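Q: okay, here's the prediction I keep looking at, along with the sequence it came from:
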Amino acid sequence: MPRSIYDIMNDLQQKQTPFAVATVVDTYGSVSAKTSSKAVIDEHGRVISGWIGGGCAESSTCEQAVQCITSNETAMMEIDLNDEMLGAGMPCGGGMKVYVEPVLPEPTIWIMGHGKVAEVICAMGDILHYRIVVNDMGATADKFPAAGQIITDDIDYSQLKPKPSDYVIIATQHKGDHESIKQALSCDAGYIALIASRKRARLVLNYLREEGMTEDQISRVVAPSGIDLGPQTPEEIALCILSEITLLRRGGTGIRNRDKLLNDDAGGNTATIHQLSSLMASD
């Protein structure tokens, strides 16, 4: 029995494979595709499933799909099939509008550790729609019910293989933190956080130097990690870490929204603390 386009999309999502969905939202004149026709296009610009009209529109849509996957932004295309300058092929006598939507894998948070902070990061990370992988011999399903994967047999951390879009949080309470960080640095993780005291963090960073790591490599380790919210509990520590991840992922400023508004009203980046104080007093 032929598989539906939705089955294909579900399989790609389960495999954490990026793709784009192109949907014909309007047509006019002589075109072969109908409104609501869909195609699933992979990151290399190949149609995996579905159909949006064949050669007259496919090449233009596939090119746009690659751009959308790269930028993680949607696009509305208007394809004039009477215009050969578009590179869409031979004139077909009509045109269409195609909506292209990228579908990217949820970024993964790798949690190394099994203590209370690790448990809360797992729960909060799941709420924020991250895929959670817990890698620790002491981790159990009852303590990490939101984890998509729990690894308990990775003695040498060889299964720690984050992608550039992933986040690694070392919360091992000093047990194997230096070794797991070394493994994380051998991969392309975009964020590597070490939850440790300042003294322990210095010991770990010095260990990396002794192992021959360069300062550029070591600078990828965020220690101390998180946004300074003055945390005192495991829950607050977890919030600090996930706040920093959100800041980096979404390109935030890290300042309070009220202060940002006041700063903008005072003329942007050139505003001084005196100008801000004056604006606050006049409100």
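A: Nice, thanks for sending it over.

Q: pLDDT weak spots in the stretch 151-283 of the chain?
A: With pLDDT under 70 as the threshold, the stretch 151-283 of the chain has low-confidence stretches at 174, 268-283.

Q: try 90 this time
A: Confidence mapping of the stretch 151-283 of the chain against pLDDT under 90 gives the ranges 154-165, 171-190, 194-226, 249-283.

Q: and the strands in the stretch 151-283 of the chain?
A: Along the stretch 151-283 of the chain, the stretches classed as strands by DSSP state E, counting those that start in this stretch are 167-170, 191-194, 221-222.

Q: distance to residue 215 and mean neighbour count added to these, as a markdown table?
A: Heads up, the C-betas are built off the backbone N, CA and C, glycines and all. What follows is these, written out as a markdown table (distance: least, C-beta to C-beta, whole Å; neighbours: other C-beta atoms under 10 Å):
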| stretch | distance to residue 215 | mean neighbour count |
| --- | --- | --- |
| strand 167-170 | 19 | 27 |
| strand 191-194 | 15 | 24 |
| strand 221-222 | 11 | 21 |
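
Q: CSV for those, including distance to residue 264?
A: Written out in CSV, the entries for the strands of the stretch 151-283 of the chain read as follows (distance: least, C-beta to C-beta, whole Å):
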stretch, distance to residue 264
strand 167-170, 30
strand 191-194, 28
strand 221-222, 29
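
Q: out of these, which is closest to residue 40?
A: Counting by C-beta to C-beta, residue 40 lies closest to strand 167-170 out of the strands of the stretch 151-283 of the chain; the figure is 27.7 Å.

Q: kindly export that closest one (C-alpha atoms) in CSV.
A: Taking C-alpha atoms only, strand 167-170 is exported to CSV below (Å, rounded to 0.1, in the frame of the first residue of the first chain):
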residue,chain,number,x,y,z
TYR,A,167,23.3,22.0,23.6
VAL,A,168,25.4,20.0,26.1
ILE,A,169,25.1,20.5,29.8
ILE,A,170,27.6,18.9,32.1
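
Q: off-centre distance for that strand?
A: Averaged C-alpha coordinates place strand 167-170 at 14 Å from its chain's average position (C-alpha atoms, centre = their mean, to the nearest Å).

Q: appreciated, that's everything.
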